[in-house]
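1. Predicted model and sequence follow; I will ask about them next.
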Amino acid sequence: MKHLLSTADLSREDALAILDTAEEMAAVSAREVKKLPTLRGRTVVNLFYEDSTRTRVSFEAAAKRLSADVVNFSAKGSSVSKGESLKDTVQTLEAMGADAVVIRHSASGAAAQLAASDWTDAAVVNAGDGTHEHPTQALLDALTLRRDWSAARGAETPRGADLAGMKVLIVGDVVHSRVARSNIWLLQTLGAEVILAAPATLLPQSVGRWPVTVRYSLDDALAEGPDAVMMLRVQAERMGGAYFPHAAEYSSRWGLTDERLKVVEGLRMGDADRRAIILHPGPMNRGVEISAAAADSAQSRITDQVAHGVSVRMAVLHLLLTGGPDV
Ligand code: CP
């Protein structure tokens, strides 16, 4: 694997290799000395044309824990404001010796364009391109889901396991969500069943061709007993028109409210004596798609997702730049 552009490109073996390597990286991160020498002398460029907190910071932490040199580039405050193109920006950074370029861009396909170009020989990692994909988010979500799912099945370790039999409910603003798209492909590859619950206005026309079941009522979808509920952020910044009447109406129909939290608290994971879990990629609109009580509940795995982001990004950089799983 030269680049990581889409979860649709990942075989089951590729995905499990990343998740198993991420478990090794999590063990490193739990040590007093959280560093490995595997990328010493290599340079990772973080090229962010869109705002980010979790992804940008965790790629930086991941590269540093692997002893890489890190160059952080943010379009804000750069020569992009003077009209410099993506090509010229990349070639400028390439001249500094990039081995990997992690790119977030508002244009769907930007990462693939960079990977296909002769602007750089570096490995390209898609850190979110428009509404298209966010593969490392889906991988960290899978790492999070796999820990609970494996424990619910009595496994001593999640290593080597897939998500066969798990039912994952994804709720809300699907049409604008690169997180949803990357999750759908990866969850299918790992054997999970995916249910989408969303208003018709927040589903893409292509949803009929996706490997999912669609529900137009969140309460009906919860009644189907999902093992995990993934709430999506309402992406107001990508909404030119009116996709729903107002935030209170959205929350009452599609939000994980305090009342619906009680329903989720009654859901079991498979047939195990273990509760269903709640995920959200962040940043959250508390009180819109998720209540504060749900976000901070015992079933929430939202802070685990952030921690797993560092492990997954360490694994991806390590595998792309060293070519092997040995840590
Ligand atoms: N989940 C996610 O991509 O968050 P950021 O936008 O903060 O990176």
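-> Received the coordinates, thanks. Predicted, not measured: the structure shown is a model, and the values here were computed from it.
2. Make sure V168 is indeed in a strand.
-> Yes: counting by DSSP: H, G, I helix; E, B strand; the rest coil, V168 is part of a strand.
3. now it: how far from V194?
-> Distance of V168 to V194, computed by Cβ to Cβ, to the nearest Å: 5 Å. C-beta coordinates here come from the backbone N, C-alpha and C atoms, glycine included.
4. Looking at the two, which is more packed in?
-> Taking other Cβ atoms under 10 Å, V168 and V194 do not tie; V168 has more neighbours (27 against 23).
5. before we move on, the earlier item: can you check which residues contact both of V168 and V194?
-> N183, L187 (Cβ atoms under 8 Å, 6 or more residues apart in numbering).
6. Could you list the low-pLDDT ranges of the stretch 101-250 of the chain?
-> Within the stretch 101-250 of the chain, the ranges that satisfy pLDDT under 70 run 240-242.
7. In it, what residue comes closest to the ligand?
-> Here the residue of the stretch 101-250 of the chain nearest the ligand is Q137; by Cβ to the nearest ligand atom that distance is 5.3 Å.
8. so who does the closest residue to R215 other than its chain neighbours touch?
-> Leaving aside its chain neighbours, R215 sits nearest to A221 (4.1 Å; criterion: Cβ to Cβ, 6 or more residues apart in numbering). Each residue near A221 by Cβ under 8 Å, 6+ apart is listed here: L169, V171, I195, A197, R215.
9. Apply 10 Å and report the result again.
-> L169, I170, V171, I195, L196, A197, A198, T213, V214, R215, V229 (Cβ atoms under 10 Å, 6 or more residues apart in numbering).
10. Tell me the residues of the stretch 201-327 of the chain that contact the ligand?
-> P281, G282, P283 (Cβ under 6 Å from any ligand atom).
11. which one of those residues is nearest the ligand?
-> Of those, the one sitting nearest to the ligand (Cβ to the nearest ligand atom) turns out to be P281, at 3.9 Å.
12. Could you report the neighbour count for that closest one?
-> 27.
13. The residue nearest to it when sequence neighbours are not counted: which element?
-> Using Cβ to Cβ, 6+ apart and skipping the chain neighbours, the partner closest in space to P281 is V179 (4.6 Å). Under the criterion of DSSP states H and E, V179 resides in helix 178-189.
14. and if you look at H318?
-> helix 302-322.
15. Can I get the buried part of the contacts of A221 as one PyMOL selection?
-> To isolate the buried members of these in PyMOL, using 16 or more other Cβ atoms under 10 Å:
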select buried, resi 169+170+171+195+196+197+198+214+215+229
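16. Contact partners for I277?
-> With Cβ under 10 Å, 6+ apart, I277 has these contacts: 144-145, 147-149, 152, 168, 226-230, 264, 267, 269, 297-302, 304.
17. Tell me how many other residues crowd Y243.
-> Applying other Cβ under 10 Å, we find 17 other residues in the vicinity of Y243.
18. And the residue lying closest to it once chain neighbours are set aside, its phi and psi?
-> Residue nearest to Y243 in three dimensions, not counting chain neighbours: T201, with 4.8 Å by Cβ to Cβ, 6+ apart. Backbone torsions for T201, taken as degrees, to the nearest 10, come to phi -70, psi -20.
19. Quick one: neighbours of T201, just the number.
-> 12.
20. From F244, how far out is it?
-> 7 Å.
21. N285 contacts Q235, doesn't it?
-> Yes: assessed by Cβ atoms under 10 Å, N285 is found in contact with Q235 at 9.5 Å.
22. re the thing from before, what about the residues of the stretch 201-327 of the chain next to the ligand, which are in helices?
-> Assigned to helices by DSSP state H, none of those qualify.
23. between those residues, which is closest to W254?
-> P281 (16.1 Å; Cβ to Cβ).
24. follow-up on the earlier one: what's the residue of the stretch 101-250 of the chain closest to the ligand in contact with, if anything?
-> Here Q137 is in contact with 7, 54-55, 127-128, 177-180, 182-183, 186, 281-282, 305, 309, 312 (Cβ under 10 Å, 6+ apart).
25. Understood, closing this out.
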